[in-house]
Every structure is written in C-alpha cells, then in structure tokens.
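**Student:** Sequence and predicted structure below; questions after.
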Amino acid sequence: MISQKMQDAINNQIQAELASAYLYLSMAAYCEKENMKGFGQWLRVQYQEETGHAMKLLDYLLERGGQPLLKAIDAPPAEFGSWLSMFEKVLSHEQHVTALIHSLYEVALAERDYASQIFLQWYISEQVEEEASASEIVERLKMLQDNSGALFYLDKELGKRKED
Ligand code: FEO
C-alpha cells in the first residue's frame, strides 16, 4: 500500500502533467492559427508526451493500491506573443515541472518509499531531456532574430517531430 502523503503528492503531479498538456495544446493551436504548422506539430507531440506522463503516474498509483483523484485544471492562456517568448515560456514551464518532480522525489525519500524513488528516477531523467530540447529551440530562435527564411526552415524541422 502507498502512504497517504505519497498518494496526495502523486495526485498533485498528475494534475500538473495534465495542466502542462493543456498549456502545450493551447500553444499548438496558437501556432497553427498563425500558420506555423511545424511549431504546432512539435507542441502537439509535447501535449501527447505530457498526457503520457500523467497516465504513467496514474497507472503507478493504481498498481500500488492507491486512489487516483483528478483535480480541476485552469484554462491556459490563448495568446503567447512572439515565437521566442512562447518557447521561453515552454522552457520556464519545464524548469517549474523539474522543481515539482524534485519535490515529489523528496516526499518519496521522507516516506522511505523505495519503490516510488525508483519509479520517479525516470521522471528526473526525462526532465533533463525536456529542458534541453526547449532550451535548444530558445537558443536557435535567438540566433534567427528577424530572419524569416531561417524561421521557415526551423518550422519545417520542428514539424518532423513524431511521438516516441
Ligand atoms: Fe511532464 Fe514536460 O514534463
């Protein structure tokens, strides 16, 4: 059986992952409305990944005999400004999620929940990748500045992203 504290913390993280999914879906819609279909595709895949992160937590909680409790998710913004500022928001959001995962891991340590510690290591590694990929796009957008040809190329490249 999983402890009540661990269960509550995992349920909070399920909410955070689904809120991330919702945020990225809104960003995808914004990009596609502005004809940046490649950026939209990258963000749609990100949406699916976040949903996957939530599902993995939910399945784990069930496996441990816990009770998944779904919480309300706030509406995300619908406008995100420039492409650079939108991807800066992706990066800062991922940094926020990393901090949440680290806090979750600290609950597993305090609870001496060894199974959860092992389970959560996957999320710790995943966050390293999540931050690195967002950071790479931010850096590339900074290099592009107002070069619309290069922006077109980056849009095409991000559009190649497929779900794992
Ligand atoms: Fe599920 Fe992007 O963190």
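**Tutor:** Thanks, I have the structure now. Residues are numbered from 1 along each chain as shown.

**Student:** Residues of this protein that sit close to the ligand?
**Tutor:** 17, 20, 50, 53, 94, 97, 130 (CB under 6 Å from any ligand atom). Heads up, the C-betas are built off the backbone N, CA and C, glycines and all.

**Student:** Which one of those sits in the busiest neighbourhood?
**Tutor:** residue 20 (26 neighbours; other CB atoms under 10 Å).

**Student:** So what's the model's average confidence on stretch 104-119?
**Tutor:** When pLDDT is averaged over stretch 104-119, the result is 98.

**Student:** Residue 7: which element?
**Tutor:** helix 4-33 (DSSP states H and E).

**Student:** The closest residue to residue 23 other than its chain neighbours: what's it in contact with?
**Tutor:** Distances taken as CB to CB, 6 or more residues apart in numbering place residue 76 nearest to residue 23, at 4.4 Å, with adjacent residues excluded. By CB atoms under 8 Å, 6 or more residues apart in numbering, the contact set of residue 76 is 19, 22, 23, 25, 26, 27.

**Student:** you'd agree the last one is up against residue 80?
**Tutor:** To tie it back to what came earlier, the one meant is residue 27. Yes - taking contacts as CB atoms under 8 Å, residue 27 lies within contact range of residue 80: 5.9 Å.

**Student:** Can you give me the distance of residue 13 to residue 152?
**Tutor:** 38 Å (CB to CB, to the nearest Å).

**Student:** Look at the two and report which has more neighbours.
**Tutor:** Using other CB under 10 Å as the criterion, residue 13 and residue 152 rank with residue 13 on top: 22 against 13.
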